[in-house]
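Participant: sequence and predicted structure below; questions after.
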Amino acid sequence: MYKDKPYNYPTSGRAGFRKRYLAYFGVVLVILFWFFGGKTRDRPLLREAAGKGLWDSISSSTSKTKATDWASRQEQVKKAMQLSWTGYEKYAWGYDEYHPVSKTGRHMVPPTGLGWIIVDALDTMMLMNMTTELKHARDWIRTTLTYDLDHDVNTFETTIRMLGGFLSAHYLQTEFPEMCPVDLGAGGEDLYIEKAVDLATRLLGAYESPSGIPYASVNLHSMRGIRSHADGGASSLAEATSVQLEMKYLAHLTGEKHYWEAAEKVMEVIDKTGEKDGLKGIFVSPTTGLSTSHNVRLGSRGDSYYEYLIKQYLQTSKKEPIYLDMWDEALGGMKKHLVTYSEPSKFTVLGERPSGLDGPLSPKMDHLVCFLPGTIALAATDGQTLAQAKQKTTWTAENQQNIDFAKELLKTCIGMYKVTQTGLAPEISYFKIADPPIMMNSLTTLPSSPKTFDPSADAAWHEDYEIHLLDRHNLQRPETVESLFYLWRITGEEYYRQVGWEIFEAFVKHTTVPDGAGFSSIGNVEEIPPPTRDNMESFWPAETLKYLYLLFGPDDVLPLDKIVFNTEAHPFPNFDLGKLFTTGWTREKKTGTTSSVQPSETAS
Ligand code: DMJ
């Protein structure tokens with residue numbers, strides 16, 4: 001079943017012809033195919049021309065008055081969304097995957113699919129007031145979508161994208177009916193919440209493990225949890241611990257406590273794994289609830305564990321300090337064990353400890369880590385603006401340091417875009433660092449990196465970044481624009497919007513597909529025109545375009561002190577615990593340095 005793929009996965013291979021005549025024959029065939037066309041043919045120059053044409057039309061229709069016209073830039077993002085959606089509607093409607101170059105679709109789960117792209121994009125369409133498209137999506141959900149499918153699905157991905165998608169659509173439709181008014185038709189106002197309840201009930205089967213840690217997958221029909229077929233049967237840390245915002249909001253909406261209890265139990269079990277300084281290994285056993293890996297990282301399989309700590313605290317209106325405590329501890333752990341500086345320009349790098357906290361630091365940052373600057377800034381101000389937060393008597397020097405840290409880390413992520421030929425970030429970046437590395441918490445004054453990125457090709461700051469051959473793809477990921485959005489809202493510094501516009505520009509120029517088919521992930525950010533991967537990720541409309549749209553829009557839409565975004569950019573309102581819900585567990589006193597990592601189990 002579908003799993004977000006953080007690392008390079010192979011593009012289609014090419015058969016090798018040994019005999020010369022076969023090679024000639026092959027060449028002739030290719031030439032004929034090129035001339036007479038074929039559905040799957042990629043035409044990079046045509047793509048580049050389409051991107052340039054689209055960009056020319058976007059930049060010429062964007063007002064060039066003295067003050068930057070953000071409203072018109074926001075409209076351009078909507079146009080990109082409309083283009084993506086028209087292509088999907090035309091060539092792959094209802095399919096879980098959209099391949100815009102070959103103009104085909106594919107279901108991850110036959111025969112009807114999961115609504116992967118449609119449900120994930122509902123709230124983006126609402127925010128952009130795309131009434132016609134939303135009505136089409138609603139009708140499809142009502143008439144075609146069923147989750148009674150005898151097939152396994154990834155527990156986490158289905159929760160954050162589908163359950164999260166329905167819940168935020170329900171929230172926006174209910175709280176802001178004027179935002180994107182559509183005739184609710186036969187589905188009525190309960191369509192989304194009914195789908196959410198049906199799906200969540202099926203997903204709950206994943207939590208029936210001996211420890212309460214959800215299995216990696218679940219069969220939607222039998223509702224039986226299925227342990228991972230890889231990783232020794234373990235579940236990933238991020239996956240097990242990034243389902244809480246969704247289950248808790250559903251519990252709040254329905255008054256059904258079992259959603260709450262299943263999701264909360266996971267937090268208790270994870271906290272008891274008791275590793276050092278709030279940092280956890282990236283795999284956990286659903287049987288024992290113990291960590292099965294020493295590997296600590298904020299990239300793939302680790303990332304949203306940390307994100308959901310502070311967001312759980314904010315979701316229930318700061319009435320569950322246990323999650324703030326866990327976040328604070330983990331942030332301290334990051335500064336102590338993971339944060340270092342690159343050479344020669346002193347960019348802030350959040351690296352990995354593949355063999356545990358006592359092992360060497362790897363100066364590797366997945367693009368996935370770039371959600372963190374936004375989350376750190378969110379935690380520092382509780383979602384208020386910096387100006388508001390500084391007025392409060394509770395504002396501390398540490399809060400200010402965290403804002404500075406967030407800005408520096410985001411600068412490192414921005415550099416990942418600026419350093420490449422296309423202006424798009426690779427999936428993974430490495431950095432030159434000192435040996436031994438200088439760790440953040442060993443310093444009294446934090447080093448500062450260059451104020452601006454010198455655009456000349458031989459600028460010294462380029463030396464800090466190392467991009468490996470296999471990591472040069474770009475999957476249309478949202479994390480940097482997500483953090484730009486948070487830092488813009490919190491600091492009010494227009495620089496963050498400006499960078500967001502440059503990134504949008506690069507996406508339009510280099511990832512557009514001809515014939516109005518939309519946008520695709522690409523295989524190499526250092527090549528112009530880049531090779532295509534012929535795929536539109538569902539988080540392109542759900543997250544990347546949504547965050548860009550919000551970044552250029554008014555600040556009072558979805559204010560950060562009133563809502564939390566789940567890890568797939570679906571907004572849920574913060575709420576009070578009320579009489580029904582309480583924090584059902586307490587933290588054990590820590591001894592400080594436990595290592596409870598156990599050998600992995602065998603998959604069954
Ligand atoms: C999304 O599905 C979510 O943001 C998840 O937390 C990480 N991977 C993708 C986007 O990169």
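Facilitator: Perfect, thanks for sending it. Residues are numbered from 1 along each chain as shown.
Participant: quick check: closest non-adjacent residue to residue 82.
Facilitator: Beyond its immediate neighbours in the sequence, the residue positioned closest to residue 82 (CB to CB, 6 or more residues apart in numbering) is residue 130, lying 6.9 Å away. Quick note: C-beta positions are derived from backbone N, CA and C, even for glycine.
Participant: neighbours around the one you found, how many?
Facilitator: A count of neighbours around residue 130, defined by other CB atoms under 10 Å, yields 20.
Participant: confidence score at it?
Facilitator: Residue 130 is assigned a pLDDT of 98 by the prediction.
Participant: repeat that for residue 48.
Facilitator: pLDDT, residue 48: 76.
Participant: also residue 2?
Facilitator: pLDDT for residue 2: 46.
Participant: again, but for the one 4 residues further on
Facilitator: Model confidence at residue 6, given as pLDDT, is 41.
Participant: circling back: how about the residue nearest to residue 82, phi and psi?
Facilitator: Backbone dihedrals for residue 130, given as degrees, to the nearest 10, come out at phi -100, psi 80.
Participant: got the residues of the stretch 301-450 of the chain near the ligand?
Facilitator: 304, 368 (CB under 6 Å from any ligand atom).
Participant: and the helices in the stretch 301-450 of the chain?
Facilitator: Here the stretch 301-450 of the chain has its helices, by DSSP state H, counting those that start in this stretch, at 303-315, 321-337, 372-381, 386-391, 397-418.
Participant: output those as TSV; include the columns mean neighbour count, mean pLDDT and distance to residue 255.
Facilitator: Shown next, in TSV, are those (neighbours: other CB atoms under 10 Å; pLDDT from 0 to 100; distance: least, CB to CB, whole Å):
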stretch	mean neighbour count	mean pLDDT	distance to residue 255
helix 303-315	25	98	17
helix 321-337	19	98	22
helix 372-381	26	98	28
helix 386-391	15	98	33
helix 397-418	20	98	36
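Participant: can you give me the neighbour number for the nearest residue to residue 336 once chain neighbours are set aside?
Facilitator: Spatial nearest neighbour of residue 336, excluding adjacent residues (CB to CB, 6+ apart): residue 441 at 4.6 Å. Neighbourhood size, residue 441 [other CB under 10 Å]: 12.
Participant: follow-up on the earlier one: reformat the helices of the stretch 301-450 of the chain as a markdown table; add distance to residue 98.
Facilitator: Shown next, in a markdown table, are these (distance: least, CB to CB, whole Å):
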| stretch | distance to residue 98 |
| --- | --- |
| helix 303-315 | 24 |
| helix 321-337 | 36 |
| helix 372-381 | 27 |
| helix 386-391 | 39 |
| helix 397-418 | 24 |
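Participant: any figure for the gap between the closest residue to residue 44 other than its chain neighbours and residue 49?
Facilitator: Excluding the flanking residues, the one nearest residue 44 by CB to CB, 6+ apart is residue 529, at 4.2 Å. For residue 529, the distance to residue 49 equals 9 Å [CB to CB, to the nearest Å].
Participant: the two: which is more packed in?
Facilitator: residue 529 (22 against 14).
Participant: list the contacts of the more buried one.
Facilitator: Listed by CB atoms under 8 Å, 6 or more residues apart in numbering, the contact partners of residue 529 are 44, 45, 47, 48, 51, 510.
Participant: from residue 363, how far out is the second one?
Facilitator: So that's residue 45. Plainly put, residue 45 is 37 Å away from residue 363 if you go by CB to CB.
Participant: burial measure for whichever residue of the stretch 51-200 of the chain sits closest to the ligand, as a count.
Facilitator: Nearest to the ligand in the stretch 51-200 of the chain, going by CB to the nearest ligand atom, is residue 160, at a distance of 6.2 Å. Residue 160: 26 surrounding residues under other CB under 10 Å.
Participant: now swap in the one 3 residues further on and tell me
Facilitator: Using other CB under 10 Å, residue 163 has 27 other residues around it.
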